[in-house]
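Asker: compute the structure for the input listed below.
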Amino acid sequence: MLTKRIIPCLDIKDGRTVKGINFENIRDAGDPIELGALYAAQGADELVFLDITATNERRKTLAELVTRIARHVNIPFTVGGGISSVEDVNILLQSGADKISVNTAAFKDPGLVDILAREFGSQCVVLAIDTRFEGDDWYVYLNGGRVKTDIKAYDWAKEAVNRGAGEILLTSMNNDGTKKGFALDITGKLSQNLNVPVIASGGAGNMEHFVDVFENAQADAALAASIFHYKEIEIPALKTFLYNKGVNVRF
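Answerer: This is a model prediction of the structure:
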């Protein structure tokens, strides 16, 4: 049985780690290299590094920063933000990233997913989806949650997996920053219907929320930022709690 993964997320803006509440009001949460090394030492299973300025300001993820982070962490590492070509991915993988995450560019040109999967292998390609529940369903949002689309998150996830995405990183904008728990319904729908791992993101506030998303929504991994950055939950304690609740985790 595969272990459930705990993934701290490092949202990067201008070379620093930040965390917003519902994608707004960004606060400084420290140095990404320091944090990355700390999480690796504490037993995080993976790290995600998202340059949240990249897509909107048309700026490429800083390969130098990735190089520096990779030098200090010995766990798998995903990089995203403004990735839109084979060349972008090549640079980031060479800089030390294990996987890359695509979001807006892949939605606008779904063929990009096919190309990246063919070139680098599905195991390197993470499709990030920012989604918001509106009216009757969960819809895809682009450019860091600024642009609404009329496409449902499940439909886009399914298409991307068919095109070769090896993993889905699903962020619920309704839950993000609220600390009231993950979006169990849409996470569960993806986890239970797609044949690739689903990483749940947005809403983690306490240890019980992780149990819920692993047990009820059957997520493969859970991602969080502020609760780790501000030391509200420490990873070793979280893993012990999960283990005691019968969740299979790596120590």
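Asker: contacts, neighbours, all on C-alpha from now
Answerer: Noted.
Asker: which pLDDT value belongs to the most centrally placed residue in the chain?
Answerer: In the chain, the centroid-proximal residue (Cα atoms, centre = their mean) is L169; its distance is 4.6 Å. L169 carries a pLDDT value of 98.
Asker: just P197 next, same as before
Answerer: 98.
Asker: the residue nearest to the centre of the chain: what's it in contact with?
Answerer: Contacts of L169 were listed using Cα atoms under 8 Å, 6 or more residues apart in numbering, and they are V126, L127, A128, I129, V198, I199, A200, S201.
Asker: ditto for D114
Answerer: R163, G164, A165.
Asker: SS state for the residue nearest to the centre of the chain?
Answerer: Under DSSP: H, G, I helix; E, B strand; the rest coil, L169 falls in the strand class.
Asker: next, I69: phi, psi?
Answerer: When read as degrees, to the nearest 10, the backbone of I69 gives phi -70, psi -50.
Asker: test my guess that it contacts G36.
Answerer: Yes. Using Cα atoms under 8 Å, I69 makes contact with G36 at a distance of 6.7 Å.
Asker: ok, back up a step: of the contacts of D114 - the most surrounded one?
Answerer: A165 (26 neighbours; other Cα atoms under 10 Å).
Asker: A157 is in contact with Y139, correct?
Answerer: No. Taking contacts as Cα under 8 Å, Y139 lies outside contact range of A157: 11.0 Å.
Asker: higher neighbour count, I69 and G36?
Answerer: More crowded of I69 and G36, by other Cα under 10 Å: G36, with 26 against 22.
Asker: wasn't that one part of a helix?
Answerer: Yes. Going by three-state DSSP, the assignment for G36 places it inside a helix.
Asker: got a list of what it touches?
Answerer: L10, L47, I69, H72, V73.
Asker: what about N193, neighbour count?
Answerer: Applying other Cα under 10 Å, we find 10 residues neighbouring N193.
Asker: distance of it from C124?
Answerer: Going from N193 to C124 by Cα to Cα, to the nearest Å gives 21 Å.
Asker: neighbour-wise, which of the contacts of G36 leads?
Answerer: Counting by other Cα under 10 Å, top hit in these: L10 with 29 neighbours.
Asker: for the stretch 151-251 of the chain, what spans make up the helices?
Answerer: Under the criterion DSSP state H, counting those that start in this stretch, the stretch 151-251 of the chain contains helices at 153-163, 184-193, 207-215, 226-229, 235-244.
Asker: next, the buried residues of the fourth one.
Answerer: When neighbours are counted by 16 or more other Cα atoms under 10 Å, the buried residues of helix 226-229 are found to be S226, I227, F228, H229.
Asker: before we move on, what about the third one?
Answerer: Of the residues in helix 207-215, those buried by neighbour count under the rule 16+ other Cα under 10 Å are M207, H209, F210, V211, D212, V213, F214, E215.
Asker: A183: which of the residues you listed is nearest?
Answerer: V213 (8.1 Å; Cα to Cα).
Asker: pretty sure that closest one contacts A219?
Answerer: Yes. Counting by Cα under 8 Å, A219 is a contact partner of V213 at 5.9 Å.
Asker: quick check: neighbours shared by those two?
Answerer: T187, A200.
Asker: what about the stretch 1-150 of the chain, any weak spots by pLDDT?
Answerer: In the predicted model, the stretch 1-150 of the chain carries pLDDT under 70 at residues 19-29, 54-62.
Asker: hey, what's the residue lying closest to I83 once chain neighbours are set aside bridged with?
Answerer: For I83, ignoring the flanking residues on the chain, the nearest one in space by Cα to Cα, 6 or more residues apart in numbering is V102 at 6.0 Å. On the basis of DSSP bridges, V102 is bridged to L127.
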